[in-house]
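Asker: sequence first, then the predicted structure, then my questions.
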Amino acid sequence: MRVSVQAEDFNIGEEIEKLRQGRTDLGAIVTFTGLVRDIHGDHVIRKMTLEHFPAMAEKELIKIGEQAKTRWPLENLTIIHRYGPLFPGDNIVLVITASHHREAAFEAAQFMMDWLKTDAPFWKKEETDNGEHWVDAKEGDDIKRDRWT
Amino acid sequence: MNIYYFARIRENIGISSEELTLPSGVVTVSELISFLEDKGNNYKSAFAESDLIRVAVNNDYVGLDYKITDKDEIAIFPPMTGG
């Protein structure tokens, strides 16, 4: 398992290679990338700043990865979450799962993203054409997380 | 004890952390928040909606009824918006 909380960008191709480690028994690799959008409702987003809780962030990502490993037969996984100032089109988060078969890889990737949304200690602030505001947590995200419990 | 604030709550209060001696009579996180609210309107507005407050003690998420000690590190923040 590779977990990283970082300001720098990540390279998806390189991350897949790191996770495979040259193995040829992996039948399925799923990647999910979360990106900064330039539109939120009627407003244009110019910048998104991610604040995080350094003492907890990596620990919580590891916890989510460990949960996924106990629920699905994963051979390996990667979670990378960025923080700091980001701009439309920038990468925010990367989840990669590797398994012998696709079901485990798909489901575990979705599971980890649903948990990251509500339980990873990050907060998004958007700078729009209508001023700055903190992004509100969505009740729907709690529901998406809780369907796994 | 050290108290850390994040995101909107940090901005409303105007500081990112402070050191405090556990006030007498304060046992739980929610009693600590009530004590802080009496410090000023910046705290009152930060904690105005109790269902938008999340807390960690010593880097673990806890509920508002969690019992705290003077040695604890408390973090108070809004619901997370990761991912």
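Answerer: Cool, got the structure.
Asker: only C-alpha atoms for contact and neighbour calcs from this point on.
Answerer: Will do.
Asker: the most centrally placed residue in chain A and chain B, how far apart?
Answerer: The residue lying closest to the centre of chain A (CA atoms, centre = their mean) is A:Val93, at 3.8 Å. To chain B, A:Val93 is 6 Å away according to CA to the nearest CA, to the nearest Å.
Asker: one more: A:Trp134?
Answerer: According to CA to the nearest CA, A:Trp134 stands 7 Å off from chain B.
Asker: that residue and A:Lys125 touch, don't they?
Answerer: Yes. If you go by CA atoms under 8 Å, A:Trp134 and A:Lys125 touch, sitting 4.2 Å apart.
Asker: I'd guessed A:Asp9 sits against A:Tyr83; true?
Answerer: No. Using CA under 8 Å, A:Asp9 makes no contact with A:Tyr83, being 9.7 Å away.
Asker: out of those two, which sits in the more crowded spot?
Answerer: More crowded of A:Asp9 and A:Tyr83, by other CA atoms under 10 Å in any protein chain shown: A:Tyr83, with 23 against 15.
Asker: elements contacting the helix or strand A:Gly13 falls within?
Answerer: Using DSSP states H and E, A:Gly13 falls within helix A:12-20. Using 3 or more CA pairs under 8 Å, 6 or more residues apart in numbering or on different chains; DSSP states H and E, the elements in contact with helix A:12-20 are strand A:74-82, strand A:91-99.
Asker: now with 10 Å, please.
Answerer: Applying 3 or more CA pairs under 10 Å, 6 or more residues apart in numbering or on different chains; DSSP states H and E, we find helix A:12-20 packed against strand A:2-6, strand A:28-35, strand A:74-82, strand A:91-99.
Asker: given the next helix or strand after the second one, what are its sheet partners and their directions?
Answerer: For strand A:28-35, the succeeding helix or strand toward the C-terminus, using DSSP H and E, is strand A:39-40. Sheet pairing of strand A:39-40 (DSSP bridges) gives strand A:43-52 (antiparallel).
Asker: quick check: next helix or strand after the partner strand?
Answerer: helix A:54-71.
Asker: avg pLDDT for the helix or strand where A:Gly140 lies?
Answerer: Secondary structure assignment for A:Gly140, by DSSP H and E: helix A:139-146. For helix A:139-146, mean pLDDT rounds to 86.
Asker: elements contacting the lengthiest helix in chain B?
Answerer: The residue-count maximum for a helix in chain B (DSSP state H) belongs to helix B:29-37. Applying 3+ CA pairs under 10 Å, 6+ apart, one finds that helix B:29-37 makes contact with helix B:41-46, strand B:54-57, strand B:73-77.
Asker: could I get those as CSV with mean pLDDT, distance to chain A and mean neighbour count?
Answerer: Below are those laid out as CSV (pLDDT from 0 to 100; distance: least, CA to the nearest CA, whole Å; neighbours: other CA atoms under 10 Å in any protein chain shown):
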stretch, mean pLDDT, distance to chain A, mean neighbour count
helix B:41-46, 97, 13, 18
strand B:54-57, 98, 9, 19
strand B:73-77, 98, 9, 21
